[in-house]
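Asks: no sequence on this one, just coordinates:
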């Protein structure tokens, strides 16, 4: 009995890139969620033992809140880019992608400020180590998202907008939204509940 | 074009389909990559699948030889520390054996089969992202080389007797290699899952997908749920290891690194390797006796349930007191429930046999024998797993853990042998020789059975937690049995590898590919 004797499918498979990107995005989210879970578990253990997690006043909420606002704005601009790609609206697509990249760069810059402000040493203790592990992983994810957006931007410069490119931008958009969701976890777990 | 021709032909033929003149043969020869270049540039999923299958079978031989040496150490014929040159060296090999069997042998073997078979089963010309599949193979291979070299250079996943010299740096390299291998396997899983979801034949619902493709979709989903958690572990361990002095997670001089990652090779996560085995077994039995299941939707549900019970990122006891997690209701329920889908699937396979042609040659077909052997070992592993979570039996931190592991990995190897026989068309190789196939299946079944049995009984004999089984009173005879099992598994892996190489080297007969 053969289960492979089937005629070939139609050549057009419009949502392949989106489906692949969603699966990969889900995997990245799982990795980040596991990191945050470790952070929360270790903090809970430390507090149960009566230990201080971060020194009082060392982690400020202001810059973190600014980053959250920036990333929420970037969700709008990345969706603007997706819509522009669907509509084959090149000027708006470029502006939206460019603004989104600028927001991403602003968040990385803000993180640099946070690192300078907190002045944690990576070998300073479990709290400091996990602080760098979680925020560093987020920055790496954000850079990955910016790279995806840059690639789609360059592709759009080199050829006409079309369905393939629209799906590429849509896939990058999904990933970007996931990054913002991950930052929301960081914001709440690391900066708000400290 | 036939479905089993290299799928690259699809995409390359398309531009000329409008009636353009056919290229001259000399042009084709000039355009085609050379044999040496093909593995680096091919976008034919079957070729990538073959690369995965062949490399993982060769690694299976090496890994099982390490297993023989480890078993030899258990017999006390030679002091295990002397055998490898020290406590740390023994620990390195002990951990390498387990990680390698999972990440370098069974998972890539089944992924390779899937890359070749799934597109044809769902009616796609090729996998969804052929270049990603090729990238998956090469990054997996580079990661595997990094792991092996770094372990031989004194790295590995922690130590039990302090560290000297550059061993800490070598450990960082091992962690990097492990991360690369896991990311590569996830990339391959995304490729296969996307092919099933997005590239399948128009009108084919997910419930109509053949059992192996469905099992790979489930396996890919479970891999994508579980393996990223290991990546998170690796990130924290690596950051600590390199942020000297290490604080908690990356202490190179202790076994802590291994203890944060060992959940991957213990139940329930160990079952993530076994999900595709179910699909292969059902299809192989059906192919051998020429029958289709009367309740394909039941097979779908059974495979899905088994996949659900294999999700294991949550079962890390490093971060909590072990008894808190492992005496918990969820852990016990997962352990007990894993038996049910396997019993149900065995029933499904039995129904196929009853409905099919029961001539002696069909019942002794390599596929039939192999599917039966894989299901038996998997069932035995799940049964031991169920016993292991029953608290009064005190099997949790004993060699019963490795009985489950051995049952699953050897079942995976047997499934690979069955796939080589069943899907030689899709893999574009000659069918695996019957003699080699039967020999490999028999050796692997015998070896796996002995390993499961000896590990389980050793677990019952243990007075205290002892995962390395080096100091068990009254288990000397069992350790000899384990050695015999390891030798048989190594012989079976070697037979499978030789058979695969031979099938690859033998030209596919004219017309056979169609």
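Replies: Perfect, thanks for sending it. For clarity, every value in this text was computed on a predicted model and none was experimentally measured. Residues are numbered from 1 along each chain as shown, chains lettered A, B, ... in the order given.
Asks: My guess is residue B:285 contacts residue B:368. True?
Replies: Yes - counting by Cβ atoms under 8 Å, residue B:368 is a contact partner of residue B:285 at 6.2 Å. All C-beta atoms are positioned from the backbone trio N, CA, C, and that covers glycine.
Asks: quick one, helices of the stretch 51-200 of chain B?
Replies: B:80-84, B:87-99, B:107-121, B:130-152, B:167-198 (DSSP state H, counting those that start in this stretch).
Asks: Could you do chain A as well?
Replies: Assigned by DSSP state H, the helices in chain A fall at A:16-48, A:61-86, A:90-118, A:126-158, A:163-186.
Asks: Leaving out chain neighbours, which residue sits closest to the residue most central in space within chain B?
Replies: The residue lying closest to the centre of chain B (Cα atoms, centre = their mean) is residue B:106, at 1.9 Å. Nearest non-adjacent residue to residue B:106, counting by Cβ to Cβ, 6 or more residues apart in numbering or on different chains: residue B:412, 3.6 Å away.
Asks: How about residue B:364?
Replies: The nearest residue in space to residue B:364 (Cβ to Cβ, 6+ apart) is residue B:438, at 7.8 Å.
Asks: what's the neighbour count on that neighbour?
Replies: 19 (other Cβ atoms under 10 Å in any protein chain shown).
Asks: Low-confidence stretches in chain A?
Replies: Residues of chain A meeting the criterion pLDDT under 70: A:1-14, A:156-164.
Asks: which one of the helices of chain A lies closest to residue B:71?
Replies: Taking Cβ to Cβ, helix A:16-48 is the member of the helices of chain A nearest to residue B:71, at 34.1 Å.
Asks: hmm, back to that, just checking, the residue nearest to residue B:364 touches residue B:365?
Replies: No - counting by Cβ under 8 Å, residue B:438 sits too far from residue B:365 to count as a contact (9.2 Å).
Asks: returning to what we had before: please, which helix or strand holds the residue nearest to residue B:364?
Replies: Assigned by DSSP states H and E, residue B:438 belongs to helix B:434-461.
Asks: Residue B:285 and residue B:368: who's more crowded?
Replies: Taking neighbours as other Cβ under 10 Å, residue B:285 and residue B:368 compare with residue B:285 leading, 27 against 24.
Asks: so how many other residues sit close to residue B:238?
Replies: Residue B:238: 20 neighbours (other Cβ under 10 Å).
Asks: which ones are touching it?
Replies: With contact set as Cβ atoms under 8 Å, 6 or more residues apart in numbering or on different chains, residue B:238 has these partners: B:172, B:175, B:176, B:179, B:250.
Asks: Which strand or helix spans the closest residue to residue A:38 other than its chain neighbours?
Replies: Computed as Cβ to Cβ, 6+ apart, the closest residue to residue A:38 that is not its neighbour in sequence is residue B:236, at 6.1 Å. Residue B:236 belongs to helix B:211-242 when assigned by DSSP H and E.
Asks: do whichever helix or strand comes after that helix and chain A meet at all?
Replies: Downstream of helix B:211-242, the first helix or strand assigned by DSSP H and E is helix B:256-261. No - judged by Cβ under 8 Å from any Cβ of the partner chain, helix B:256-261 and chain A are separated, with a smallest distance of 9.5 Å.
Asks: Go through helix B:256-261 and flag the buried ones.
Replies: The neighbour-count check on helix B:256-261 (16 or more other Cβ atoms under 10 Å in any protein chain shown) flags B:256, B:257, B:258, B:260, B:261 as buried.
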